[in-house]
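Visitor: coords please:
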Amino acid sequence: MRWSRSLLRPCARVAVWCLTVVLCPCIVGWPAARTLAEPALQSSPSDEAPHSPPASETNSSDAAPPAQYEVAIDRAVDEHERGHFEEAREHFRHAHELYPNARTLRGLGKVEFELRNYGESVKLLQAALSAQERPLSAELRAEVQTLLERARAYVGEVHVEVQPGTATVSVDGVTVASGPQAALNLLVGDHLLEFRASGRLPQRRQISVRGREQINVQVVLAPPDAGVLTVFRPTAERPSAQTPTYKKWWVWSAVGVVAAGAGTAVAVSTLRNRSNHSTPGGTSRVVLMNP
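Guide: Okay, the predicted model is just below:
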């Protein structure tokens, strides 16, 4: 027992010494360590989250979509399953505005296909295949490719080149693009293309589109021809207006002469008739005719 107690005392001293050596520097260095740490806590707001993307890159693949994005997607899918394609389109559009990506483009392309807007469907499905934000999986890409081929059967591609480059392109009365180049997905059938530019003569082209067909249209709008335009300008000398016939003096003179001649002839005839029925003595002669 004595031996054990004599052995524990040195061990206890060694333990106390070790704790003193270890803890004393920590206790003494704590204020200094706190002082060194304070500048880091007073960093600028831009350094608080060095790994967070800037505001212009909130739609990057590392950024989480906004809270309302999932709500809009759920509503769009629900309306699509119910066959309410116009309502589904509005929810997909809202989701795409919040967080543009390949999945929202795919949803919009499918909705436009169901609404028979095949030209718009082709454009959206092509964009979904090339989008890098939330890219489509192999299975979804295959699905989109199949739907894209179906949509292309109902549209044709019309490539337009027009000069000058400021010209506008209208299809069936609706302005759809401006020059110098434009690619249009038009439904199968006949369409009227109109090209207009300031200071140029407009042109019209009637085209007939077939499924999966590519049509190239080249148009050069010519300036107006000055020789064709008729400009009406006032002249110094103008032909006088014709005087009506009844207002001309010689007409009434001729009428007067004719009237005077007719009156004279009547008077002469009357005098002759009277002289034939009178006697030389001045009395009238009566001739009796016996039956």
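Visitor: Can you say which helix or strand has the closest residue to residue 161 other than its chain neighbours in it?
Guide: Distances taken as Cβ to Cβ, 6 or more residues apart in numbering put residue 218 closest to residue 161, at 4.8 Å, once the chain neighbours are dropped. Where you see a C-beta, it was placed from the backbone N, CA and C, and this is true even at glycine. Using DSSP states H and E, residue 218 sits in strand 214-220.
Visitor: thinking again about what came up before, from residue 105, how far out is the residue nearest to residue 161?
Guide: 31 Å (Cβ to Cβ, to the nearest Å).
Visitor: Settle it for me: which of those two has more neighbours?
Guide: residue 105 (25 against 10; other Cβ atoms under 10 Å).
Visitor: Next, the contact list for the residue lying closest to that one once chain neighbours are set aside, please.
Guide: Among residues not flanking residue 105 along the chain, residue 128 sits closest, at 3.7 Å (Cβ to Cβ, 6+ apart). Residues near residue 128 by Cβ atoms under 8 Å, 6 or more residues apart in numbering: 102-103, 105-106, 109, 136, 144.
Visitor: before we move on, what about residue 187?
Guide: With the criterion set at Cβ under 8 Å, 6+ apart, residue 187 makes contact with 118-119, 154-155, 209.
Visitor: try 10 Å
Guide: Contacts of residue 187 were listed using Cβ atoms under 10 Å, 6 or more residues apart in numbering, and they are 116-119, 154-156, 171, 209, 211.
Visitor: what pairs with it across the strands?
Guide: With DSSP bridges as the criterion, residue 187 is bridged to residue 155.
Visitor: Now tell me which helix or strand of the protein has the poorest mean pLDDT.
Guide: helix 2-41 (a mean of 50; mean pLDDT, DSSP states H and E).
Visitor: Beyond it, next helix or strand please.
Guide: By DSSP H and E, the next helix or strand past helix 2-41 is helix 67-81.
Visitor: What residues sit buried inside stretch 177-189?
Guide: Neighbour-count burial for stretch 177-189 flags 179, 182, 184-186, 188 (criterion: 16 or more other Cβ atoms under 10 Å).
Visitor: Actually, stretch 117-129.
Guide: Across stretch 117-129, burial judged by 16+ other Cβ under 10 Å covers 117-126, 128-129.
Visitor: Export it to PDB, keeping only CA atoms.
Guide: Once non-C-alpha atoms are left out, stretch 117-129 reads as follows in PDB (Å, rounded to 0.1, in the frame of the first residue of the first chain):
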ATOM      1  CA  ASN A 117     -49.200  25.000 -83.500                       C
ATOM      2  CA  TYR A 118     -46.700  22.800 -85.200                       C
ATOM      3  CA  GLY A 119     -44.300  25.600 -86.400                       C
ATOM      4  CA  GLU A 120     -44.000  26.900 -82.800                       C
ATOM      5  CA  SER A 121     -43.600  23.300 -81.500                       C
ATOM      6  CA  VAL A 122     -40.700  22.700 -83.900                       C
ATOM      7  CA  LYS A 123     -38.900  25.800 -82.700                       C
ATOM      8  CA  LEU A 124     -39.400  25.000 -79.000                       C
ATOM      9  CA  LEU A 125     -38.400  21.300 -79.300                       C
ATOM     10  CA  GLN A 126     -35.300  22.200 -81.200                       C
ATOM     11  CA  ALA A 127     -34.400  24.700 -78.500                       C
ATOM     12  CA  ALA A 128     -35.000  22.000 -75.800                       C
ATOM     13  CA  LEU A 129     -32.500  19.700 -77.500                       C
END
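Visitor: what about that stretch, average pLDDT?
Guide: In this model, stretch 117-129 has a mean pLDDT of 96.
Visitor: quick thing: my sequence starts at 2, can you match it?
Guide: With the count now opening at 2, the last piece we talked about shows up as stretch 118-130.
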